[in-house]
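Q: turn this into a model:
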Amino acid sequence: MDLACVEGSVHALLGKNGAGKSTLIKILTGAEQPDAGEIRLNGVPVRLRSTREARERGIAAVYQELSLVPELTVAENLFLGALPRKAAAVDWSALVRRARHALAWLPEPPDPHARVAELTVAARQLVEITRAVAMHSRVLILDEPTAALGPHEVERLFAVIRSLRARGVAVVYISHRLDEVEAIADRVTVLRDGVRVYAGDVSEVSREALVAHMVGRDEAPEGRGRRATASRTHPAGQADAPPLLLARGITSLDASGRPLFRDVSFALAPGEILGLTGPVGSGASAVARALFGLVPLSAGAMELAGQPFAPRSPREALQRGVAFVSDDRAGEGVVPEAPVAHNVSVAVLPRVTVRGFLDLRAERALAARRIEQAGVTPADPDQPAGTLSGGNQQKVVLARWMEHGARVLVLCEPTRGMDVAAKEDVHRLLRRLRDEGAAILVVSSEYEEIADLADRALVMSAGEVAGEVRGRVTAGDLLALASRALPEEVRA
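A: Below is the predicted model of the structure:
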């Protein structure tokens, strides 16, 4: 493996899950040691024996799975290990001042006194990035930095990256979003199966060629146009079927009385994928969590199969046939230490218990059938779920709800941080569930994902529905609606 990063440049690192990106980054940050070869920093060979030594030499990384300490404040996390001191005590005033200065680049910086556990996933991501920027790194490695960010946050991040590049920092940018690579990177390296298969200037390679290098075949997966056309030929829900899930003017307030979302209405039919999108903070994720009993409603009403539906807990939502896939895959999706078999059966334990005892053979058989249908690789029910790639972990969660038989499937950011092949696998599985009659609500801040997947889409902005796109959903329509203040409907 060869990688050459030049000061004052942005170098994109691409590859499918399992291509070797994570191992390479661990070596560059001192978390793992190479078996052969050498690392040079400013032309001088270095041996990075630990992450601390890498940081001291100016190499910092922001990983997709965040490393913040939830119970500490934002300020403490930003300067953990380097807290300002006055005599033998921490200088808390200086710490807060430094934190406010470091967070000033954010459009809505979090309170330095706030506990990280109280922040949204997007806000935590921004704090993690801010921490790396504040370290004055010479080499900054960003692993899927925009996975939980909205368009405005992405633009602000890009402005910071350009500023760092102008100051001579070498930025290694890992992403599966090729439009971002084209927008921000100078050079690109593609890994496949642990080997570098391409390196060159971004301006000299097409998006189609990059995808072909990543997936290892001469032609890329289905293009956006073909995929969108295929989904659009499917009727929006089963013909003339009444809505399975109906929401009328639902509103939810946070603890301070401010609306998480307000006056949201929609209908979701069997055999339909409804997209719900908007910038981070638009309220779309809160709507999804309300459907699963995780966020209480303050006003409005919902119906499920014609009956009142107001779940007060996830258990109640599951009993009514509504399942949820969280955007926090590691924290709320799989149980990393548990085998795949238990991750699949956990929602249907009575089916694999005898007189109160778990029947391991029955559990494995049940899981083996479902993970084969979901395309989990490797298809080993005994493998710990946490050792799988992000895409395969998501397939395990979907296999769980396939076995449960949920009528309504609600997903938040279902392909966050996945490579193009894994993303297409998940999309293909969702289309199959739709074709089998499931009603699916997909919340995603990626307009391209909604355009590729949804039969129709609602766009939210500032907690309200800004408009609806019917017919052929395009990313341009969604982006245009999200930027408008007044509700409007777009019909293709």
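
Q: how much space is there between the closest residue to Ala19 other than its chain neighbours and Ala60?
A: Of all residues not flanking Ala19 in the chain, Leu191 sits nearest, at 4.1 Å (CB to CB, 6 or more residues apart in numbering). Quick note: C-beta positions are derived from backbone N, CA and C, even for glycine. Leu191 sits 21 Å away from Ala60, going by CB to CB, to the nearest Å.

Q: equivalent analysis for Leu178, please.
A: 25 Å.

Q: one more: Asp35?
A: Plainly put, Asp35 is 24 Å away from Ala60 if you go by CB to CB.

Q: CA atoms of the host helix or strand of the residue nearest to Ala19 as CSV?
A: Assessed by DSSP states H and E, Leu191 sits inside strand 187-192. What follows is strand 187-192, C-alpha atoms only, in CSV (Å, rounded to 0.1, in the frame of the first residue of the first chain):
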residue,chain,number,x,y,z
ARG,A,187,-6.2,13.9,-5.5
VAL,A,188,-7.7,10.5,-4.9
THR,A,189,-6.6,7.0,-4.0
VAL,A,190,-8.8,4.0,-4.4
LEU,A,191,-8.3,0.8,-2.3
ARG,A,192,-9.8,-2.6,-3.1
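
Q: tell me which strands that strand pairs with, and in which orientation.
A: strand 9-14 (parallel), strand 195-201 (antiparallel) (DSSP bridges).

Q: which outside residues touch it?
A: The contact list for strand 187-192, computed with CB atoms under 8 Å, 6 or more residues apart in numbering, reads 1, 3, 6, 9-16, 19-21, 24, 181, 196-202, 205, 210, 213-214, 216.

Q: centroid-nearest residue for this structure?
A: Nearest residue to the geometric centre of the chain (CA atoms, centre = their mean): Arg416, 2.6 Å.

Q: per-residue pLDDT, that one?
A: In this model, Arg416 is scored at 81, pLDDT.

Q: so what's Ser50 up against?
A: Gly30.

Q: ok, back up a step: same list, the strands paired with strand 187-192, but as a markdown table with distance to Pro308 please.
A: As requested, these are exported to a markdown table (distance: least, CB to CB, whole Å):
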| stretch | distance to Pro308 |
| --- | --- |
| strand 9-14 | 49 |
| strand 195-201 | 56 |
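
Q: tell me which element Phe266 is part of?
A: strand 259-268.

Q: pLDDT of that strand, averaged?
A: Averaging pLDDT along strand 259-268 gives 93.

Q: where does the residue nearest to Ala19 land on pLDDT?
A: Note on Leu191: pLDDT of 92.

Q: look at it and say how many residues are nearby.
A: Leu191 has 24 neighbours, counted by other CB atoms under 10 Å.

Q: with Gly306 instead?
A: Using other CB under 10 Å: Gly306 sits among 10 other residues.

Q: give me the distance between the nearest residue to it once chain neighbours are set aside and Gly58.
A: Closest residue to Gly306 apart from its sequence neighbours, by CB to CB, 6+ apart: Pro242 at 7.0 Å. Remark: distance between Pro242 and Gly58 (CB to CB) = 61 Å.

Q: who's more crowded, the two?
A: Higher neighbour count among Pro242 and Gly58: Gly58, with 16 against 13, using other CB under 10 Å.
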